[in-house]
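In: below are the sequence and a predicted model for it; my questions follow.
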Amino acid sequence: MKSSDSEVKIRAIVVDDESLARKGLTMRLAQFPQVEVVQLCKNGKEALAAIAEEAPDLVFLDIQMPGMTGLQVVENLQQDNMPMIIFVTAYDAFAIDAFSANAVDYLLKPIEDERLAKAVAKVTLQVERKQSAIEKQRLLEIVIGLTGKSKLAINEWLQNPDEASEYSDRLAIKDGSSTTFVPVRDIDWVDAAGDYMCVHVQGQTHIMRTTMKELEAQLDPNIFQRVHRSTIVNLQRVEKVSSHINGEFHLTLSCGSSLKMSRSYKDKVKHFF
């Protein structure tokens with residue numbers, strides 16, 4: 001899943017011993033909605049304290065500062081608390097040292113608008129990739145928690161989703177004198193409405209007279225899982241999982257629907273958050 005700039009959030013700290021430079025860069029960063037400047041620091045000591053307190057994603061770090069240089073700030077950071085670094089300086093002689101310190105980018109004062117935009121775009125891309133990897137891992141772990149299958153088994157299933165199984169590949173839904181055959185793979189989710197099941201398929205809703213238990217028995221549990229006493233979801237459609245203060249979870253599907261996961265199912269996923 002690729003996030004847009006509006007979804008990516010980059011918490012940043014600006015470090016420069018010149019007040020005008022701090023304020024100027026902060027004002028220019030306001031044009032990038034994904035960037036939120038959370039603190040301004042005037043020296044290395046303040047920077048280390050702010051990084052420890054805020055755990056930012058990104059630090060714009062002036063190299064030449066009295067007392068402690070930007071390079072020394074990086075040397076004093078803990079590896080497990082290392083944000084992305086963009087060095088800022090008036091002297092390009094520091095470029096080699098900056099990149100040897102694993103900086104994401106290096107900006108020369110006065111900073112050109114185009115260079116600043118490219119640097120922010122580079123950081124945004126790295127954050128997107130990191131978030132995508134985390135989200136994919138989270139979804140994999142949730143599928144493992146819901147199905148009880150091992151990670152290896154889930155990966156094998158993902159690589160061979162069309163292998164034969166004991167479960168039907170379509171549902172026969174009667175409507176008066178006619179019968180509609182719905183491919184099971186096209187089902188997004190199912191919810192109960194009294195003695196009927198509402199089967200949601202590619203923007204359409206089919207009404208099926210059966211019980212949740214009976215319908216659940218027809219569906220492959222590797223693909224379909226109950227996340228609420230009245231809701232079954234196609235795990236392949238889940239794109240995002242959001243936790244809420246009240247202990248519930250919301251599942252966002254690829255079709256745009258948002259489903260609530262009941263608290264009674266919390267024990268299946270709570271250790272992944």
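Out: Cool, the structure landed.
In: from here on, just use CA atoms for contacts and neighbour counts.
Out: Noted.
In: next, the buried residues of stretch 189-209.
Out: Within stretch 189-209, the residues that count as buried by 16 or more other Cα atoms under 10 Å are 189-192, 197-201, 206-209.
In: contacts for that stretch?
Out: Contact partners of stretch 189-209, identified using Cα atoms under 8 Å, 6 or more residues apart in numbering, comprise 173-175, 186-188, 210-212, 230-234, 255.
In: mind doing that once more with 7 Å?
Out: The contact list for stretch 189-209 (Cα atoms under 7 Å, 6 or more residues apart in numbering) reads 173-174, 186-188, 210-212, 230-234.
In: over to stretch 52-69?
Out: 10-17, 43-44, 70-71, 81, 83-89.
In: which of those fall within helices?
Out: Within the contacts of stretch 52-69, residues falling in helices by DSSP state H are 44, 70-71.
In: in this protein, mark out all the helices, start to finish.
Out: Here the chain has its helices, by DSSP H, at 19-29, 44-54, 70-75, 95-100, 113-147, 151-159, 212-218.
In: can you say which of the ones you listed is packed in most?
Out: Of all the helices of the chain, helix 70-75 has the most neighbours on average by mean count of other Cα atoms under 10 Å, namely a mean of 18.
In: what sits against residue 170?
Out: Counting by Cα under 7 Å, 6+ apart, residue 170 has contacts 181-184.
In: okay, the residues you listed in a markdown table with neighbour count, distance to residue 34 and pLDDT next?
Out: As requested, the contacts of residue 170 are exported to a markdown table (neighbours: other Cα atoms under 10 Å; distance: Cα to Cα, whole Å; pLDDT from 0 to 100):
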| residue | neighbour count | distance to residue 34 | pLDDT |
| --- | --- | --- | --- |
| 181 | 11 | 46 | 88 |
| 182 | 16 | 42 | 89 |
| 183 | 13 | 41 | 90 |
| 184 | 21 | 39 | 90 |
